[in-house]
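*Asks:* need coordinates for the following:
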Amino acid sequence: MKDSLFQTIQLGEHALNNRIVMPPMTRSRASQPGNVANDMMAQYYAQRAQAGLIVAEGTQISAMGQGYAWTPGIYSAEQIAGWKKTTDAVHAKGGVIFAQLWHVGRVTHPENIGGQQPISSSALKAENVKVFIDDGTNAPGFVDVVEPRAMTKADIEAVIAEYRQAALNAIEAGFDGIELHAANGYLINQFIDSEANNRTDEYGGSIENRLRFLSEVVAAMVDAIGADKVGVRLAPFTSLNGTVDATPVETYTAAAALLETHNIVYLHIAEVDWDDAPETPIEFRIAVREAYKGVLIYAGKYDAEKGGDAIDDGLADMIGFGRPFVSNPDLPNRIKHGYPLAAHDPATLFGGDEKGLTDYPEYSTS
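*Replies:* Presented below is the predicted three-dimensional model:
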């Protein structure tokens with residue numbers, strides 16, 4: 001066991017017990033109607049409160065921001081009250097939890113957003129991307145996304161205001177802070193990545209312009225709740241949901257430097273984690289570490305040894321372990337003592353009830 005994962009670390013006003021992060025993972029179990037976080041979700045997160053930091057699942061900031069059926073929101077009074085159950089339960093166990101604020105942009109279907117046309121940086125359809133809908137029939141749940149419309153300046157201002165309000169709502173719901181989801185092909189990423197953005201105004205073209213929307217959203221949230229409560233997640237090398245950047249090293253090094261100017265509390269890098277995925281270039285890791293001085297989190301194909309090495313090498317401060325947290329609620333304890341990890345059931349990841357969510361046991365030595 002590497003001790004580095006179990007060093008304490010300061011994150012804003014919070015002294016975290018370890019450097020193990022439970023990253024955001026969509027589980028699609030919000031109560032209907034209303035996409036409200038519920039008691040089952042509160043139990044799930046409380047079971048995992050050993051993590052130094054929990055980042056709750058992607059949570060849409062508006063009805064238009066929803067990409068998939070049954071994901072939770074944080075824009076109604078009922079949704080805020082629902083999330084309070086989770087934050088209270090996690091805090092009762094001594095945990096720290098941030099909300100991940102999410103707008104999917106073009107990665108949706110009219111069925112999920114009240115029949116409207118999705119919005120994006122540009123009128124470019126995400127190719128070979130499907131989303132899950134619940135249209136009340138027994139028809140197949142996965143459908144192709146549709147072509148979005150390009151956001152106007154008024155749209156951009158409105159969505160920035162929605163992000164700001166969602167940050168305030170998250171604090172009202174008891175979250176310790178928020179993570180802006182700027183990764184994995186969703187709305188902010190659709191502005192950042194060159195191949196998803198063909199705008200000719202100040203939000204398109206150069207790297208500086210393509211980072212402008214990210215910068216304005218972060219500035220609004222920092223103004224609303226304070227920089228020590230705002231983290232950002234980026235995915236420099238993934239092509240998830242159809243976004244690709246022509247020069248990811250340059251673009252995302254610039255993004256890290258930009259976020260340093262906003263003094264955000266952490267930067268969370270989502271690495272590609274499929275089989276045979278390429279390693280994140282070491283040159284990029286070094287460049288990001290030089291550009292951004294706050295708490296740096298990496299999540300991807302990490303085990304305890306690889307995660308500890310990244311911390312020892314000074315290239316990361318905290319490490320996210322995604323799938324292992326699904327089936328190992330006591331993951332930090334298992335890592336600490338070298339206990340075996342349980343495998344998760346892929347069939348119960350999305351939707352359903354407690355099965356595959358709250359019924360994974362802690363490790364027993366008896």
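
*Asks:* report the buried residues of the lengthiest strand in the chain.
*Replies:* Criterion DSSP state E: the longest strand present in the chain is strand 53-60. By neighbour count on 16 or more other C-beta atoms under 10 Å, the buried set for strand 53-60 is 53-60. Glycine gets a C-beta too; all of them are placed from N, C-alpha and C.

*Asks:* out of those residues, which is nearest to T365?
*Replies:* Distances from T365 to the buried residues of strand 53-60, taken as C-beta to C-beta, are shortest for I54 (25.2 Å).

*Asks:* beyond the longest strand of the chain, next helix or strand please.
*Replies:* Downstream of strand 53-60, the first helix or strand assigned by DSSP states H and E is helix 77-92.

*Asks:* tell me how far the ends of stretch 344-352 are from each other?
*Replies:* Separation of the first and last residues of stretch 344-352 by C-alpha to C-alpha, to the nearest Å is 15 Å.

*Asks:* now what about that stretch, what contacts it?
*Replies:* With contacts defined as C-beta atoms under 8 Å, 6 or more residues apart in numbering, stretch 344-352 is touched by 26-29, 69-70, 132, 323, 326-327, 355-357, 360.

*Asks:* and for stretch 270-281?
*Replies:* So stretch 270-281 is contacted by 23, 183-184, 233-238, 249, 269, 298-301, 322 (C-beta under 8 Å, 6+ apart).

*Asks:* and the furthest pair within those?
*Replies:* Greatest spatial distance among those (C-beta to C-beta): V249 and G322, at 23.9 Å.

*Asks:* can you tell me the helix or strand for F284?
*Replies:* Using DSSP H and E, F284 falls within helix 282-291.

*Asks:* next, the buried residues of that helix.
*Replies:* Across helix 282-291, burial judged by 16+ other C-beta under 10 Å covers 284-285, 287-289, 291.

*Asks:* tell me which other helices or strands the helix-or-strand element of the chain with minimal mean pLDDT touches.
*Replies:* Least confident helix or strand of the chain, by mean pLDDT, DSSP states H and E, is strand 142-144 with a mean of 92. On a contact count with 3 or more C-beta pairs under 8 Å, 6 or more residues apart in numbering; DSSP states H and E, strand 142-144 meets strand 130-132.

*Asks:* chain center to the helix holding F284, what's the gap?
*Replies:* Distance, stretch centre to chain centre, for helix 282-291: 21 Å (C-alpha atoms, centre = their mean, to the nearest Å).
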